[in-house]
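Asker: How does the following fold in three dimensions:
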Amino acid sequence: MEVAVLPLQRNLAVEAGANLLETLLAHQVPVSYSCMAGRCGTCRCKIVGGRVLETGPEESRSPMGAGESVLACQATLIESCAIEIPEPDEVVVNPARIVKATVAAIEPQTHDILRIRLAMSKPLQFSPGQYATLKFTPEHIRPYSMACTGAGDGLEFHVRVVPDGRVTSYIASTLKVGDTVRVSGPLGTAYLRRKHTGPIVCIAGGTGLAPVLSIVRGAIDAGMSNPIHVYFGVRTPADIYGAAWLDELKARHPGLHTHVVVASSPGPGPWRTGVVTQIVDSDWQSLDGWRAYLAGSPLMVDAATLLLGRKGIRPEHIYADAFYPSGV
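Answerer: Numbers count the residues shown, from 1 in each chain. The predicted structure is shown next:
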């Protein structure tokens, strides 16, 4: 039985029943991975030929064939197949960990957004743009994106308090400085691709600004000189936050351009008015050769994905981890 890993064109002799990720790692094939439990999505790859059996707890255990994507850590080889590894030159390995942290600060940013800073007992290795699961109590668990880069000894998260939200109401009313939080991660595939040298567009909605800040900060720390255009969409002027952070980043990166877009504006201000995807549409005729990072509501992410595809960005170069409202 052989596994041909494309585009590396490497033939691997393996036995049926072997785990795909373990097989790739055993043969030193470059592949990104983290949790190895089907949660982070980092090891997702594409079946080009043949079939594999996806064996995760939520899967039907039916064979998956050519054209379908699969998590390598949850895939069992059942016949000769060809697997395409996305971006084999951008491999990221961040071992999943559970780290104890302490709440260092809870800082209001707007009428419904809090900045949570955590002091970590041990460092958590992650790539800019990824997220982690925060366990405040056994009943209050929620994933949030890091707004920092992991260069220091703390983590930063942005939380929008949702009316009657079980977890966010706890954060707003009960969580206090000094409380213990367990951080599990990293998770997510919308992390910074450091080897890309072309232009970058980032589109954020609401607290989707957090992972975008992480990505831009990571790009600057890595010495990337790419032109970067950040579009930050909010509903009203009262929802704008982080302007000082964006200005600070512009001072550090001459190629960074930021656009704050307010959907409903009562009057003139230092921002643009409209729907953020419409503003991007009006600004650019073509985005061929660009990379895109999206963060926000599923509706915004879906609309931006369709728009950017029409503008020429290849689907595999649009990176997004949409924020779903369940469990807030």
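Asker: Okay, now the unreliable bits of the stretch 1-150 of the chain?
Answerer: 1-13, 56-61, 88-89 (pLDDT under 70).
Asker: What distance do you get for the residue nearest the centre of the chain to residue 317?
Answerer: By Cα atoms, centre = their mean, the chain has its centre lying nearest to residue 190, at 3.3 Å. Distance, residue 190 to residue 317, using Cβ to Cβ, to the nearest Å: 12 Å. C-beta here means a position set from N, CA and C on the backbone, and glycine is covered the same way.
Asker: likewise residue 281?
Answerer: 18 Å.
Asker: again with residue 238
Answerer: 34 Å.
Asker: quick one, which of the two is more surrounded?
Answerer: Shown here are residue 238 and residue 317; by other Cβ atoms under 10 Å, residue 317 has more neighbours (19 against 12).
Asker: Let me see the contact set for the more buried one.
Answerer: Contacts for residue 317 were tallied using Cβ atoms under 8 Å, 6 or more residues apart in numbering; they are 290-292.
Asker: I'd like the distance between it and residue 19.
Answerer: 28 Å.
Asker: same thing with residue 185?
Answerer: As judged by Cβ to Cβ, residue 185 and residue 19 stand 22 Å apart.
Asker: Can you list the neighbours in contact with the strand or helix carrying residue 115?
Answerer: Using DSSP states H and E, residue 115 maps to strand 113-120. Residues outside strand 113-120 that contact it (Cβ under 8 Å, 6+ apart): 99-109, 144, 147, 153-161, 171-172, 175, 181, 183, 206-207, 239, 241.
Asker: and what of stretch 30-41?
Answerer: By Cβ under 8 Å, 6+ apart, stretch 30-41 touches 8, 21, 24-25, 42-43, 45, 56-57, 71-74, 85, 88-96, 185-189.
Asker: Mark out where each domain of the chain begins and ends.
Answerer: Using automatic domain parsing, the domain ranges for the chain come out as 2-90, 97-187, 200-320.
Asker: does residue 305 sit in a helix, a strand or a coil?
Answerer: helix (DSSP: H, G, I helix; E, B strand; the rest coil).
Asker: Quick check, it in contact with residue 318.
Answerer: Yes. The pair residue 305 and residue 318 passes the contact test of Cβ atoms under 8 Å, sitting 5.5 Å apart.
Asker: what touches both of the two?
Answerer: Here residue 305 and residue 318 have residue 294 as joint contacts, going by Cβ under 8 Å, 6+ apart.
Asker: Among those two, which residue is more densely surrounded?
Answerer: Applying other Cβ under 10 Å to residue 305 and residue 318 shows that residue 318 carries more neighbours, namely 23 against 19.
Asker: nearest residue to that one other than its sequence neighbours?
Answerer: Excluding its sequence neighbours, the residue lying closest to residue 318 (Cβ to Cβ, 6 or more residues apart in numbering) is residue 292, at 4.7 Å.
Asker: and the helix or strand harbouring the one you found, average pLDDT?
Answerer: Using DSSP H and E, residue 292 maps to strand 291-295. Average pLDDT, strand 291-295: 97.
Asker: Now find how far off-centre that strand is within its chain.
Answerer: Offset of strand 291-295 from its chain centre (Cα atoms, centre = their mean, to the nearest Å): 9 Å.
Asker: Which strands border that strand, and is each parallel or antiparallel?
Answerer: Strand 291-295 has these partner strands in its sheet, going by DSSP bridges: strand 200-205 (parallel), strand 318-320 (parallel).
Asker: which stretch in these is the model least sure about?
Answerer: strand 318-320 (a mean of 93).
Asker: Can you tell me what sits against it?
Answerer: 129, 189-191, 193, 291-295, 301, 304-305, 308-309.
Asker: List buried residues within those residues.
Answerer: Buried by 16 or more other Cβ atoms under 10 Å: 129, 189-191, 193, 291-295, 301, 304-305, 308, out of the contacts of strand 318-320.
Asker: in this structure, which spans are helices?
Answerer: Taking DSSP state H, the helices of the chain run over residues 20-26, 166-173, 209-221, 243-252, 276-283, 298-310.
Asker: now, of these, which is deepest in the fold?
Answerer: Across the helices of the chain, the average number of neighbours (mean count of other Cβ atoms under 10 Å) peaks for helix 209-221, which reaches a mean of 25.
Asker: Pull the residues that contact it.
Answerer: Contacts with helix 209-221, where a contact means Cβ under 8 Å, 6+ apart, come from 127-131, 144-149, 151, 156-158, 188, 190-192, 194, 200, 202, 204, 226, 228, 230, 232, 241-242, 245, 249, 252-253, 256, 293, 295, 321.
Asker: Just the buried residues of the residues you listed.
Answerer: 127-131, 144-149, 156-158, 188, 190-192, 194, 200, 202, 204, 226, 228, 230, 232, 241-242, 249, 253, 256, 293, 295, 321.
Asker: Filter these down to just the ones in strands.
Answerer: When those are checked against strands (DSSP state E), the matches are 131, 144-145, 156-158, 200, 202, 204, 228, 230, 232, 256, 293, 295.
Asker: Of all pairs in those residues, which one is the farthest apart?
Answerer: Farthest apart among these by Cβ to Cβ are 144 and 256. That separation is 24.1 Å.
Asker: All set now, cheers.
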